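*Asks:* quick one, what's the 3D model for this:
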Amino acid sequence: MDAVTGFDSMGAAYAAHSDSARGRLRHDLVERRLLGELPATPARILDVGCGNGEMTLRLAAAGHQVTGADPSATMLAAAADRLAARPELAGRVRLVNAGFESVSWDGELFDAVCCHGVLMYLDDPREAVARLAGLVAPGGLLSIVAKNRRALGVREALVGDSETARRLIVSGVDRSVGNLGRETRGDDPDVLDRLTAEHGLSPQPWQGVRIFHDHLDDTWAPDPAAYAAALELEWAASSQSPYRDMGHLVHTLARRPERSRS
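*Replies:* Got it, this is the predicted structure:
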């Protein structure tokens, strides 16, 4: 499995995107689904590829115990700075400098394992999904956010780049240039569901993320009422085809069955 590298130089751009309304839309949609799937009591969560800690801190703020792991020292330092500004969360978060190749928890399992926005930087998702699935406890959840292969070309078409959109659609390629200016690979949600099932997990209904607002850039600055309306529109469409198939990202979830009682 190829290492995920090169993020030290993109930290500032990623942070700016996450703080934009467009970036916030993604995080709000994913967080809403996750919190709906997690138990009300504190869960043990592993956030692989946590970046600057956006989802790690959101889940900790909801009362969960979260381990954020990232191979980029720069990104992890940004997460540590954000955590330092939230001292009330200090007892619920640990940050670890680790990536897929070095994730090893000596048999520790988690009630939820999150891997958001990482698979798109790997040439193949199979080994990553196998490693992630192996960290999910009985009854636990695997949450993956990936680039949606089905929607390649949609963003380009909506911003008026018809030539690139046509090339992507006709060629059937699985890669395009992402928001941070780096070529990234798309995954089909049905394939991700099949991979998780191969490792003993039961796929749950997947959602499309950023269906109607992905083509907007990070200067989109709606007022609070307009943002709330956009969020509710995206949420309503996120679980319904054909709308969800057009989301730039897909959020797939799979649950490991509880151990049967003897």
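
*Asks:* residue 238: neighbouring residues, count only.
*Replies:* By other CB atoms under 10 Å, the residues close to residue 238 number 23. Quick note: C-beta positions are derived from backbone N, CA and C, even for glycine.

*Asks:* what do you get for residue 115?
*Replies:* Residue 115, neighbours per other CB under 10 Å, totals 24.

*Asks:* now do the contacts for the residue nearest to it when sequence neighbours are not counted.
*Replies:* If the residues on either side of it in the chain are set aside, residue 115 comes closest to residue 48, at 4.6 Å by CB to CB, 6 or more residues apart in numbering. By CB atoms under 8 Å, 6 or more residues apart in numbering, the contact list for residue 48 reads 69, 100, 103, 113-115, 118, 132.

*Asks:* check residue 21 too.
*Replies:* Here residue 21 is in contact with 218, 220-222, 227, 230 (CB under 8 Å, 6+ apart).

*Asks:* tell me which of the residues you listed fall in helices.
*Replies:* Residues of those located in helices (DSSP state H): 227, 230.

*Asks:* need the contacts of residue 21 in CSV with neighbour count, pLDDT and distance to residue 95, can you?
*Replies:* Output for the contacts of residue 21, formatted as CSV (neighbours: other CB atoms under 10 Å; pLDDT from 0 to 100; distance: CB to CB, whole Å):
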residue, neighbour count, pLDDT, distance to residue 95
218, 15, 88, 26
220, 15, 94, 31
221, 11, 96, 31
222, 16, 97, 32
227, 17, 98, 30
230, 20, 98, 32
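
*Asks:* ok, so of the contacts of residue 21, who is nearest residue 27?
*Replies:* residue 227 (12.6 Å; CB to CB).

*Asks:* using CSV, write out every CA atom in stretch 178-189.
*Replies:* Extracted in CSV, the C-alpha atoms of stretch 178-189 (Å, rounded to 0.1, in the frame of the first residue of the first chain):
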residue,chain,number,x,y,z
GLY,A,178,-9.0,17.6,-6.2
ASN,A,179,-9.8,20.7,-4.3
LEU,A,180,-6.2,21.1,-3.0
GLY,A,181,-4.8,20.9,-6.5
ARG,A,182,-3.6,17.3,-6.2
GLU,A,183,-4.7,14.4,-8.4
THR,A,184,-6.9,12.1,-6.3
ARG,A,185,-8.6,8.7,-7.0
GLY,A,186,-12.3,7.9,-6.7
ASP,A,187,-14.0,4.9,-5.2
ASP,A,188,-17.4,3.4,-6.0
PRO,A,189,-19.5,3.0,-2.8
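
*Asks:* sorry, back to before: now the residue nearest to residue 115: phi and psi?
*Replies:* When read as degrees, to the nearest 10, the backbone of residue 48 gives phi -90, psi 130.

*Asks:* for residue 258, same thing?
*Replies:* phi -60, psi 150.

*Asks:* so what's the spatially closest residue to it that is not a sequence neighbour scoring on pLDDT?
*Replies:* Leaving aside its sequence neighbours, residue 258 sits nearest to residue 139 (CB to CB, 6+ apart; 4.5 Å). On pLDDT, residue 139 comes in at 97.
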